[in-house]
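> model the following, please.
(chains A, B, C and D)
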There are 2 protein chains.
Amino acid sequence: MSESAGAPARRGRPGYDQETVLRRAIALFNERGYDATSVADLARDLGISKSAVFHHVSSKEDLLAAALDEALDGLSAAIDAAAEHAEDDATAYQRLRATVEESVRILAAHLPAVTLLLRVRGNSPVEQDALRRRRVIDEKLAVLVREAVAAGDLRADLDPEVISRLLFGTVNSLVEWYRPGGPITPDRLAAAVTAMTFDGLTSTVAEVRGAPATSLEAPAAGAPDPT
Amino acid sequence: MSESAGAPARRGRPGYDQETVLRRAIALFNERGYDATSVADLARDLGISKSAVFHHVSSKEDLLAAALDEALDGLSAAIDAAAEHAEDDATAYQRLRATVEESVRILAAHLPAVTLLLRVRGNSPVEQDALRRRRVIDEKLAVLVREAVAAGDLRADLDPEVISRLLFGTVNSLVEWYRPGGPITPDRLAAAVTAMTFDGLTSTVAEVRGAPATSLEAPAAGAPDPT
DNA sequence: CCTACCGATCGGTAGG
DNA sequence: CCTACCGATCGGTAGG
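Just a heads-up that it's a prediction; the model follows:
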């Protein structure tokens, strides 16, 4: 299954393309961990020899770097897209809430790559570079949180730094259980995350407050925000 | 630093005890990952030979098993402690909220071991056993959530299963950034987590509602819930 | 607690 | 001469 994606008719053996090798590599890295996955494991999974893997990719670490770039590029775009809304009359609170939802959608759309990113510990220059890019993203989000707190739209009895950590810890924790293709669409997941983090799980006043018009049980059919 | 903890005077070289070796092993496993940490790395860190490590511990995996047991025993105790409060007239909502706070305190008290637990992927029988024990704990918490939703105390527009995942995903994500000994005490951290997850980050009505009497800026001196 | 090793496997590469 | 591989093996290192 999943051979030669999209390429026109070629001579020689069908074989795999780089993209397919990368998808399988990311899947295996997430199942067993990057270090615990050998190139031989990947070759076995693809049904080819270990040497054949190196025909497609120059090193195991290149696979990791490609996956981390995919995740970081997506997340960076999500943040910057929300920043551009600053030209509108959107408040920091509104931009923050939109950024959280967009981050969830990116996470859902690139779940394997984002999962890998969130497990990186800085064991190599490639991983350390990814951690640096993550910190830049986190800092942009922290700025939004500070603005929203300063504007009085987020509770002032919690340190803005703690709010940032809790908020994006919650988003990041989704990779541990969310699986696309199941009963929960990415849009509903995004709405559920912001419902809990901004409005809280306690029921009583949930409907009374200024919660967005998104019905969580039956989301709007016409998908919002076509990024 | 940190040699022979508590043991009486011994003959022979001072050396390390099993507990110290375990603490350093857990720290290294968390820094670089279990698979990426060799026994030689641990030996180097302790300043002894690789063989000397095997004098204290029979295998690398035994160190992992001991760490996972510590985390699982603590978390299980936290859950069962909350269940015993059922004899009181406490509602499911109140017991759930207390369980979340106690889980945060356990996480803070056994942060390295819990961190390791949350990174386990089931690569070996030891890891698979830990995952099984985790699922048992998660299910007990899911029962509490379902009861609280059924009682009408948690918002009904979110699937109880999703609520459970979000709630404990948030708690688990603390291992990624919380560091004991810093400005945030475990009690304040626990209060911050329940403040966001149950009451929400939005400021306006936070004080109006039935939030507990815990002041997050200056927590009650007499620590609540002396488990 | 060390030196000296083992069976095996690691990521990566040779020629064809 | 190409793409797509194979069987075998490189120098080092893993847990034990």
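> switch to C-alpha atoms for all contacts and neighbour counts from now on
Fine.
> let me see the contact set for A:Leu201.
Contacts for A:Leu201 (C-alpha atoms under 8 Å, 6 or more residues apart in numbering or on different chains) come out as A:Ala195, B:Leu154, B:Arg155, B:Ile163, B:Thr197, B:Phe198, B:Asp199, B:Gly200.
> quick one, what contacts the residue nearest to A:Thr99 when sequence neighbours are not counted?
Using C-alpha to C-alpha, 6 or more residues apart in numbering or on different chains and skipping residues adjacent in sequence, the residue nearest A:Thr99 is A:Ala82, 5.5 Å away. Contact analysis of A:Ala82 by C-alpha under 8 Å, 6+ apart lists A:Arg95, A:Leu96, A:Ala98, A:Thr99.
> switch to 7 Å and redo it
By C-alpha atoms under 7 Å, 6 or more residues apart in numbering or on different chains, the residues touching A:Ala82 are A:Arg95, A:Ala98, A:Thr99.
> element containing it?
Per DSSP states H and E, A:Ala82 falls inside helix A:60-84.
> ok, A:Ser49 - contacts?
A:Ala43.
> so how far is A:Gln94 from it?
Remark: distance between A:Ser49 and A:Gln94 (C-alpha to C-alpha, to the nearest Å) = 52 Å.
> find the nearest non-adjacent residue to the residue positioned nearest the centre of chain A, please.
When C-alpha atoms, centre = their mean is applied to chain A, the residue found nearest the centroid is A:Leu107 (2.4 Å). Counting by C-alpha to C-alpha, 6+ apart, A:Val114 is the residue found nearest to A:Leu107 once chain neighbours are left out, at 6.1 Å.
> okay, now the one you found: neighbour count?
24 (other C-alpha atoms under 10 Å in any protein chain shown).
> so it touches A:Ala71, yeah?
Yes: between A:Val114 and A:Ala71 there is a contact under C-alpha atoms under 7 Å: 4.9 Å.
> quick check: domain ranges of chain A?
A:18-56, A:65-199 (automatic domain parsing).
> among the ones you listed, which comes closest to DNA strand D?
Checking these against DNA strand D by C-alpha to the nearest atom of the strand gives domain A:18-56 as the closest, at 3.3 Å.
> hmm, that closest one in reach of DNA strand C?
Yes: judged by C-alpha under 7 Å from any atom of the strand, domain A:18-56 and DNA strand C are in contact via A:Asp35, A:Ala36, A:Thr37, A:Ser38, A:Val39, A:Ala40, A:Asp41, A:Lys50, A:Ser51, A:Phe54.
> and the closest residue to DNA strand C within chain A, its phi and psi?
Using C-alpha to the nearest atom of the strand, A:Ser38 is the residue of chain A that sits closest to DNA strand C, at 3.1 Å. Torsion angles at A:Ser38 (phi, psi; degrees, to the nearest 10) stand at phi -90, psi 160.
> from the residues of domain A:18-56 next to DNA strand C, which is closest to B:Pro186?
A:Asp35 (32.8 Å; C-alpha to C-alpha).
> report whether stretch A:21-41 contacts DNA strand D.
No: judged by C-alpha under 7 Å from any atom of the strand, stretch A:21-41 makes no contact with DNA strand D; its nearest approach is 9.4 Å.
> contacts for that stretch?
Under C-alpha under 7 Å, 6+ apart, the answer for stretch A:21-41 is A:Leu42, A:Lys50, A:Lys60, A:Leu63, A:Ala67, A:Pro112, A:Ala113, A:Leu116, B:Asp35, B:Ala36, B:Arg121, B:Asn123.
> buried ones among those?
For these, a burial check counting by 16 or more other C-alpha atoms under 10 Å in any protein chain shown picks out A:Leu42, A:Lys50, A:Lys60, A:Leu63, A:Ala67, A:Pro112, A:Ala113, A:Leu116, B:Ala36.
> please name the residues that touch the fourth one.
Looking back up the chat, that one is A:Leu63. Each residue near A:Leu63 by C-alpha under 7 Å, 6+ apart is listed here: A:Leu22.
> hmm, try it at 10 Å
Counting by C-alpha atoms under 10 Å, 6 or more residues apart in numbering or on different chains, A:Leu63 makes contact with A:Gln18, A:Glu19, A:Val21, A:Leu22, A:Arg23, A:Ala25, A:Ile26, A:Phe29, A:Val57.
> sort out for me which of these are in helices.
A:Gln18, A:Glu19, A:Val21, A:Leu22, A:Arg23, A:Ala25, A:Ile26, A:Phe29 (DSSP state H).
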